[in-house]
Structures are given as structure tokens and as C-alpha cells.
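# Please work out how this folds:
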Amino acid sequence: MELEKLEATIEAVLFAMGNAVSVEKIATAIGHDTETTRKLVHQMMDRYNQREGGLEIIELDDAFQLCTRREYYDALIRVAKQPKKYVLTDVQLEVLSIVAYKQPVTRQEVEKIRGVNSDHALNRLVEYGLIGEAGRLDAPGKPILFGTTEEFLRNFGVRSTEELPSIQPDLVEEMKSEAEEEVQLKLNL
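Just a heads-up that it's a prediction; the model follows:
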């Protein structure tokens with residue numbers, strides 16, 4: 001296939017699927033290997049960014065998605081009256097960060113880290129599509145393992161969880177000591 005037809009096929013697949021499509025599936029659609037496909041999609045991404053239109057191609061893990069640029073979200077809302085914007089509470093952000101950095105993680109592990117029940121926050125995050133089932137732990141009861149989703153990557157503007165900011169060890173130690181001091185103060189009351 002000539003280059004224009006390959007790119008048109010990629011564009012049609014990304015548009016029709018609506019969600020992110022893995023490089024392997026795109027490669028199958030155009031009849032090329034994954035490396036060639038990835039290069040083609042990256043070239044298309046560059047052209048979409050140069051022309052500054054209403055659409056862009058984003059990369060999520062090892063997949064690509066054709067989507068509307070963020071700056072046109074308000075215009076879409078005025079026409080479609082959707083999608084809903086949701087606001088994450090501090091508790092939900094805390095639980096989401098635990099899942100993002102510790103994934104795959106069980107509900108019990110999240111609650112052990114937080115020290116309180118996290119059912120409501122986890123359920124809301126699943127409802128929002130930011131986290132989802134990432135498998136089951138091979139233990140009695142087969143508890144659900146939670147992990148972040150493509151929706152999480154999309155909303156936080158990262159290609160993969162490797163792009164999340166690293167946690168600085170000295171900051172962790174500082175937070176631990178502050179928590180220990182707070183517990184000590186409460187015990188002294």
C-alpha cells in the first residue's frame with residue numbers, strides 16, 4: 001500500500017474504534033510490522049500537531065487513539081451536553097495515587113496503607129473509569145487486583161504510568177516522621 005493509503009487506513013481504524021487501539025491491531029489492519037506501524041502513527045501525530053486542528057492522536061501505553069483536543073472540550077459540552085465532568089475528592093485522589101503507584105493492588109492493601117475503609121472511593125474510581133480490575137490475586141477468596149485504565153492515562157495526560165512523577169525518598173521519610181509525630185500527639189491527649 002502506498003503511504004497515503006496506509007495513513008488513511010490507520011486514521012479510519014482509529015476513528016471507527018473510538019477507544020485506544022493497540023499497535024498490534026493497527027499493524028494487522030495495514031499489513032505491516034509493529035515498528036513500521038508505530039513510526040507511521042508517530043509521523044501522523046506530528047502532522048496533526050503541526051496543523052493544530054480539532055483532532056489529535058494520543059499514545060496510551062502501547063496503543064493510539066484519535067480524539068478531540070482538550071481546548072475544544074467546552075464547545076463539545078455546549079453541543080452534546082456531555083460527557084460529565086467529575087470532581088475527585090481528596091480521598092479519591094489519595095486512593096487513586098495508591099493504585100497508580102502500587103498497581104496491581106487489592107482493596108485490603110489500599111486500606112492497609114490508608115488505615116481506613118476505602119470501598120466508596122474505589123467504587124467511585126471504577127465508576128469514573130479511572131481504575132479497573134487488573135486480575136485476581138492467587139489467594140483465598142481471589143481478591144480483585146486494581147490498576148489504572150486508559151481513561152486514567154488520558155485524563156492525567158501521560159502515555160504510561162512510567163511517566164508519573166517519581167516519589168522522592170526524602171519526602172517519604174519526612175511524611176512518615178510527620179505521621180508518627182501526629183500519632184504520638186494523639187496518644188498523649
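# quick check: domain ranges of this protein?
Split into domains by automatic domain parsing, the chain comes to 3-73, 90-188.
# Go through these and name the closest to residue 81.
Taking Cβ to Cβ, domain 3-73 is the member of the domains of the chain nearest to residue 81, at 12.7 Å. From N, CA and C alone the C-beta is placed, and that goes for glycine too.
# if we can go back for a sec, output the domains of the chain as JSON lines; include the columns mean neighbour count and distance to residue 79.
Output for these, formatted as JSON lines (neighbours: other Cβ atoms under 10 Å; distance: least, Cβ to Cβ, whole Å):
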{"stretch": "domain 3-73", "mean neighbour count": "15", "distance to residue 79": "10"}
{"stretch": "domain 90-188", "mean neighbour count": "14", "distance to residue 79": "20"}
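# Worst mean pLDDT across the helices and strands of this structure, which element?
The helix or strand of the chain with the lowest confidence, counting by mean pLDDT, DSSP states H and E, is helix 169-188 at a mean of 74.
# Which strands or helices does it pack on?
Applying 3 or more Cβ pairs under 8 Å, 6 or more residues apart in numbering; DSSP states H and E, we find helix 169-188 packed against no helix or strand.
# At which residues are the helices of the chain located?
Using DSSP state H, the helices of the chain run over residues 3-17, 23-30, 34-51, 73-80, 90-102, 107-114, 119-128, 150-156, 169-188.
# Nearest to residue 58 among the ones you listed would be which one?
Smallest distance to residue 58 across the helices of the chain (Cβ to Cβ): 7.0 Å, for helix 150-156.
# And that closest one, how far out from the chain middle?
3 Å (Cα atoms, centre = their mean, to the nearest Å).
# Stretch 15-24 now?
On the basis of Cα atoms, centre = their mean, stretch 15-24 sits 15 Å off its chain's mean C-alpha point.
# Now it - C-alpha only, PDB.
Output of stretch 15-24 as PDB, limited to C-alpha atoms (Å, rounded to 0.1, in the frame of the first residue of the first chain):
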ATOM      1  CA  PHE A  15     -11.800   6.900  14.200                       C
ATOM      2  CA  ALA A  16     -14.100   3.900  13.900                       C
ATOM      3  CA  MET A  17     -12.900   2.200  17.100                       C
ATOM      4  CA  GLY A  18     -13.300   5.300  19.300                       C
ATOM      5  CA  ASN A  19     -11.100   4.000  22.000                       C
ATOM      6  CA  ALA A  20      -7.400   3.300  22.000                       C
ATOM      7  CA  VAL A  21      -6.200   0.700  19.500                       C
ATOM      8  CA  SER A  22      -3.100  -1.400  20.200                       C
ATOM      9  CA  VAL A  23      -0.200  -1.100  17.800                       C
ATOM     10  CA  GLU A  24      -0.500  -4.800  17.000                       C
END
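# And the contacts of it?
With contacts defined as Cβ atoms under 8 Å, 6 or more residues apart in numbering, stretch 15-24 is touched by 13-14, 34, 37-38, 41, 60-66, 150.
# between these, which is nearest residue 115?
Nearest to residue 115 among those, with distances taken as Cβ to Cβ, is residue 150, at 30.2 Å.
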